[in-house]
Structures are given as structure tokens and as C-alpha cells.
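**Q** show me the folded form of this:
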Amino acid sequence: MVPRIPRSHTAPAAHTAAAAPLESPLVKDRDAGSMQRQLYDRLKRAILDGGLAPGSRLPGSRALAESLAISRNTVTATYEHLAAEGYVQPDRQGTRVTELSAPTPAPTPRSRTGTAPVAAAPVTAKRLASIRPSASRADADAALRPGVPALSHFPFAAWRGALDRAIRGAGAAALGYGDPLGEPPLRAAIARHLSVARGVRCEPRQVVIAEGAQEAITLCVRLLSNPGDTGWVEDPGYRGVKAAMHAGDLRVVPLRVDAEGLCASAQDWRRHPPRLVYTTPSHQYPTGAVLGIARRLELIARAREHGAWIIEDDYDSEFRHTGEPIGAMQGLVDDAPVLYVGTFSKTMFPSLRLGFVVLPAHLVASVQSPLEEMLRGGHRYEQLAMADFIESGQFSRHLGRMRRLYRDRQLALRLALHKHLKVPHEIEGGYCGLHLTVRLPERFDDRKIAAEALRHRIAPSALSGFAMQPLPTDNGLVLGYGNTSAELFEPLVKRLSQLARACERS
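**A** Below is the predicted model of the structure:
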């Protein structure tokens, strides 16, 4: 039986801590934790619950140690820990419980009938209500998932060599923070590559490294817009840019996309002039349209007139399957008001989390200081390895291999659709990138088809899910062919055909 605390060691009853939390023995069991941890948890809980009243004095360390049959050092260390966190306060008379504000109990909402409690609504920023969740997220290896490259064909040995050289060359110094705008060798390598491969006019100082295209887009929103400004997005279009603009408290205006890409009329410029215009001109996502030269030049001219900025997302145009590559809009005219966004998620692998934005030259001086405060240099070994991968020629060789692979897979998927998709459909895109878009009559519920397909580990995206203001024509499936072997296309399309017929509205 544990002895009671001797009265000679206690303060007067009105000021002494309640004895009950202090008398029950501690558990001598490794799974229960150390004696100090048990005593600390017990005292802390008693103080917060009111079992040890504010202002009451705790027993002396010797008396409590004798009462609980533990060492005095354990009690002393526990008191010191509690004092460091502010639960108790030592003075000449001993150790007293601190006066703490009683926590306010959380309200318990009631249902409309007043009979049963309901879950409290979370208090979050109002802007989050504008960010719509995407469809069910599939595993990266699910068949026909858009946007996933052929990961099994990635040159691991070459990439490992680049990483090894980066680690040996930079040593421990690269474990610290780097240049907030990105490692200089990578910025220089990107500038040289874009000049040759994409016709982008830039110097290394204009390149800012980000964690993928999504962060690069978010950075553009943060740098160049204010709450309440208007942002134009393609409709249907990339969901991530809508989330970035909503998070920046922008008024998001969807503009329709046709066979030639983004449609911006004179009336659009008059009625809701934008601060930011987002477009994927070389390979519209998800329809695959190419923005023609006339529309490109018109968009640049109108943006200059209205003081707007264009965000050009060139996410997968390295993989052009027919004819010559479509050049970037950024390089069409001098000092274009275009921020060019790119990513290595499609050309390398998604988890690399390396993207970039090329700023207009005349903008660099204005945003450099804010960027240095907003960003922190990181992923330094990966950035240095990526620079080595580009400069050594490995990147160009990898792109060449992937272009041939994706061209063959695109043709094989197109053939499988013609042979085995036994419902009315139209195929769009496929001349660039990693996906095809299949439009279906409205009576075939694309969201239901996509949901049913996911149960079979097939992960097409519903075309209607990319539109803010869906039209009846925005119905279909976006099929990725980057991560799926060509020999699987025929059975996969047969399954999709069955699912489509089963999801037909009567």
C-alpha cells in the first residue's frame, strides 16, 4: 500500500493541492512510459481538468517521492518541466499551480428539430468554397490516367549518375538553403534549352524555379494580382489554375475553347477586362487544340492595351508527334507580357516536383526582392542533378525516346478506339502530349462512366469535370496513354465501351 503524504510536509488545507491525483501509484511497466513521463502527464491533466486548483501548492519533492515510491530527482525534474511550460510557478514557499484561463467548451450544435447534436461546421476561409474537388484520385499506375508519363521507361541509371555527381560536387554545402530563385546552373540550363527547343527568349536571371507548374502558376497569381482582380481561364481547362486564382481571391471568368483554342472576343475585353489570362496555347488541356498565330498575336496585343498578363502553360509540348514543334507564344514578339510556365513532371517524373516560370525581362527587377523574401531555396541536389542531366545531353536523348514511344502509343490507342468503342464518339487531340479526348453524346454520363471505370483500375477523366460552365458538348473522356502499354489498349477500350453502354441515360 502506498503511504499517504505526511501532514508535516503539506501546506494548510485551503492552499494544498488535492491529494487524490498524487496518491495512486505509478505503473512500473515499460509500455506505460517512464516514471517522469507518467507523473508529468498526471499532474498536467489534473491542472487542466481542475483537479489541482489554481494557486494550490504542490507537495514538496521529497514528500511526493516518498509517497509514490520514486526518486526525488524524478519529481524535481517533473516540477521543472511543468514550470518551464507555465503550469506551475516555484516560489519561496514551494511550487504553486498557475492561474490559467479555463478553456471555453466547444458549442454543441443541434439539428433543426433540436433533438440531436450535429457536427460543427469547420471555420475556414471563404475562398475554399470556390475550390471544387476533382474527381476520385486514382493511383499513378491506373490504366489510361491522363498526365502520367511512362515511368517504367525512365532512365534510372543516368539519373542516378547525375544525382551522384551533384552530391559529390556540391558536398555538404548543398544541405543549406540555396538561392531562393533556384540553383544558378539549373536556371542557366533551362534558359539554354528553352531557347533552342521552344523558341523562348530569356536569360537565366528571368528563370525562377518552383515546385512544379502548380506552384509556378500560384506564384504568378501572388506576384501580379490583387484580391478582386479578374482572371480568365480556359473552359474546359486545367482545374489547378482555377484553384490558384480562387485562392488568390480573384474573380474567375471562364472563356470557351473551340477547335483553335481560347476564344476571347472584343466584348469579353470590354465587359470583364482581366488582370491575368491563363492559356495552354501549344496543346490545350484537355481538348488538344492549338492556339493559332492570329489569336496569339491578338491576345498579346489586347493584353498590352489593358495592362494584363498572360500565363502561358507549356506543360507537355515537348512531345509533338506530328510535324515540327509548335513554338512558344512567349517568343513571338519583344517584351511580350507573357509569363512562361513549364514543368519536368511530364518530361521526367511527377514526384521530382521541379517546375519553373520565365518572367518578362522588364519585370525581374520589380519582383526579385519580394521573391527572395517569399521563397526559400531547396531541393538543391535535385536541381543540380537536373542541370547536369540537361547539359550532358541525357535530357534531350530521353525526350527523343519518349516522343517515339508516345507517338506509337497514341496511334495504337486511336486504332483501338476506332475498332472497339461501340458508341458514337469523336476523337480530339493526340498530335501532342500524353492524352486523347473522346467526346460522347450527352446521353452517355461521362462522370458515371469514369467512376465505374475506376472500379476496374481504369482512370479516364470525365471531360465535363474540366468545365466551370459545362455545355452539353462538354461530355466525354480524357484518356491518358503515357503510362499504359499499347498491348492493353484493346481490352481496356472494350471495357470502356461496355461501361459507356451501361451508363447510357434512357
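
**Q** so in the chain, where's the weakest helix or strand by average pLDDT?
**A** Lowest by mean pLDDT, DSSP states H and E among the helices and strands of the chain is helix 20-23, with a mean of 68.

**Q** quick check: next helix or strand after it?
**A** Remark: after helix 20-23, the chain's next helix or strand is helix 35-49, criterion DSSP states H and E.

**Q** so what does that following helix touch, helix or strand wise?
**A** helix 20-23, helix 72-85 (3 or more Cβ pairs under 8 Å, 6 or more residues apart in numbering; DSSP states H and E). For glycine as for every other residue, the C-beta is placed from the backbone atoms N, C-alpha and C.

**Q** what helix or strand does the residue lying closest to residue 227 once chain neighbours are set aside sit in?
**A** Leaving out its chain neighbours, the residue that sits closest to residue 227 by Cβ to Cβ, 6 or more residues apart in numbering is residue 249, at 3.6 Å. Assigned by DSSP H and E, residue 249 belongs to no helix or strand.

**Q** so residue 249 versus residue 392, what's the distance?
**A** 44 Å (Cβ to Cβ, to the nearest Å).

**Q** longest helix anywhere in the protein?
**A** Across the chain, the longest stretch assigned as helix under DSSP state H is helix 394-420.

**Q** how far is that one from where the chain is centred?
**A** Remark: helix 394-420 is offset 28 Å from the chain centroid, using Cα atoms, centre = their mean, to the nearest Å.

**Q** again, but for stretch 196-203
**A** That offset, for stretch 196-203, works out to 27 Å (Cα atoms, centre = their mean).

**Q** what do you get for stretch 67-81?
**A** 47 Å.

**Q** how about residues contacting it?
**A** 2-5, 22-23, 25-26, 35-36, 39-40, 43, 58-59, 61-62, 64-65, 88, 90, 95 (Cβ atoms under 8 Å, 6 or more residues apart in numbering).

**Q** for the residue lying closest to residue 141 once chain neighbours are set aside, the count of nearby residues, please.
**A** Computed as Cβ to Cβ, 6+ apart, the closest residue to residue 141 that is not its neighbour in sequence is residue 483, at 6.7 Å. For residue 483, the count of nearby residues is 22 (other Cβ atoms under 10 Å).

**Q** try residue 77
**A** 16.

**Q** and the pLDDT at it?
**A** Note on residue 77: pLDDT of 94.

**Q** separation between it and residue 42?
**A** The value you get for residue 77 to residue 42, if Cβ to Cβ is used, is 14 Å.

**Q** and what of residue 183?
**A** 52 Å.

**Q** and those two? which has more neighbours close in?
**A** Neighbour comparison, residue 183 and residue 42: the larger count goes to residue 183, with 25 against 18 (by other Cβ under 10 Å).

**Q** so the more buried one sits against residue 381, correct?
**A** No - between residue 183 and residue 381 there is no contact under Cβ atoms under 8 Å: 9.4 Å.

**Q** run a quick neighbour tally on residue 299.
**A** Residues near residue 299, counting by other Cβ under 10 Å: 25.

**Q** so who does it touch?
**A** Per Cβ under 8 Å, 6+ apart, neighbours of residue 299: 262, 264, 277, 279, 291, 310, 329.

**Q** check residue 461 too.
**A** 135, 145-146, 286, 450, 477-478.

**Q** give me the subset of the residues you listed lying in strands.
**A** Residues of those located in strands (DSSP state E): 477-478.

**Q** how about a markdown table for the contacts of residue 461, with distance to residue 342 and pLDDT added?
**A** Putting the contacts of residue 461 into a markdown table (distance: Cβ to Cβ, whole Å; pLDDT from 0 to 100) gives the following:
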| residue | distance to residue 342 | pLDDT |
| --- | --- | --- |
| 135 | 26 | 56 |
| 145 | 21 | 95 |
| 146 | 18 | 94 |
| 286 | 18 | 95 |
| 450 | 28 | 96 |
| 477 | 27 | 97 |
| 478 | 21 | 97 |
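
**Q** which ones among the contacts of residue 461 lie within helices?
**A** Short answer: the contacts of residue 461 in helices (DSSP H) are residue 450.

**Q** reformat the contacts of residue 461 as a markdown table; add distance to residue 48 and neighbour count.
**A** Output for these, formatted as a markdown table (distance: Cβ to Cβ, whole Å; neighbours: other Cβ atoms under 10 Å):
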| residue | distance to residue 48 | neighbour count |
| --- | --- | --- |
| 135 | 44 | 17 |
| 145 | 48 | 26 |
| 146 | 51 | 22 |
| 286 | 53 | 30 |
| 450 | 49 | 25 |
| 477 | 55 | 30 |
| 478 | 53 | 27 |
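
**Q** report the longest strand in this structure, please.
**A** The chain, longest strand under DSSP E: strand 251-258.

**Q** for that one, name the packing helices and strands.
**A** Against strand 251-258 (3+ Cβ pairs under 8 Å, 6+ apart) you get strand 230-235, helix 239-247.

**Q** give me the contact list for the longest one.
**A** Contacts to helix 239-247, defined as Cβ under 8 Å, 6+ apart, come from residues 127, 130-132, 134, 213-214, 217-218, 221, 225, 231, 233, 252, 276, 278, 311, 313, 465-466, 468.

**Q** which ones among those residues map onto strands?
**A** 231, 233, 252, 276, 278, 311, 313.

**Q** can you flag the buried ones in those residues?
**A** For the ones in strands among the contacts of helix 239-247, a burial check counting by 16 or more other Cβ atoms under 10 Å picks out 231, 233, 252, 276, 278, 311, 313.

**Q** one step back: could the contacts of residue 299 go into JSON lines alongside distance to residue 168 and neighbour count?
**A** Output for those, formatted as JSON lines (distance: Cβ to Cβ, whole Å; neighbours: other Cβ under 10 Å):
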{"residue": "262", "distance to residue 168": "47", "neighbour count": "24"}
{"residue": "264", "distance to residue 168": "51", "neighbour count": "19"}
{"residue": "277", "distance to residue 168": "45", "neighbour count": "26"}
{"residue": "279", "distance to residue 168": "42", "neighbour count": "27"}
{"residue": "291", "distance to residue 168": "44", "neighbour count": "23"}
{"residue": "310", "distance to residue 168": "41", "neighbour count": "26"}
{"residue": "329", "distance to residue 168": "40", "neighbour count": "25"}
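
**Q** farthest-apart pair in the residues you listed, please.
**A** 264 and 329 (13.3 Å; Cβ to Cβ).

**Q** that older thread, doesn't residue 149 make contact with the residue nearest to residue 141?
**A** Yes - between residue 483 and residue 149 there is a contact under Cβ under 8 Å: 6.7 Å.

**Q** most centrally placed residue in the protein?
**A** residue 214 (6.8 Å; Cα atoms, centre = their mean).

**Q** for it, which non-adjacent residue is closest in space?
**A** Residue 214 sits nearest to residue 240 (Cβ to Cβ, 6+ apart), 4.9 Å away.

**Q** tell me the pLDDT at that neighbour?
**A** Predicted confidence (pLDDT) for residue 240: 94.

**Q** report the separation between it and residue 338.
**A** 19 Å.

**Q** neighbour count for the two, which is higher?
**A** residue 338 (28 against 18).

**Q** for the more buried one, give me its contacts.
**A** 300, 309-312, 329-330, 360.

**Q** JSON lines for these, including pLDDT and distance to residue 158?
**A** Below are the contacts of residue 338 laid out as JSON lines (pLDDT from 0 to 100; distance: Cβ to Cβ, whole Å):
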{"residue": "300", "pLDDT": "97", "distance to residue 158": "38"}
{"residue": "309", "pLDDT": "98", "distance to residue 158": "37"}
{"residue": "310", "pLDDT": "98", "distance to residue 158": "35"}
{"residue": "311", "pLDDT": "98", "distance to residue 158": "32"}
{"residue": "312", "pLDDT": "98", "distance to residue 158": "30"}
{"residue": "329", "pLDDT": "95", "distance to residue 158": "32"}
{"residue": "330", "pLDDT": "96", "distance to residue 158": "29"}
{"residue": "360", "pLDDT": "96", "distance to residue 158": "34"}
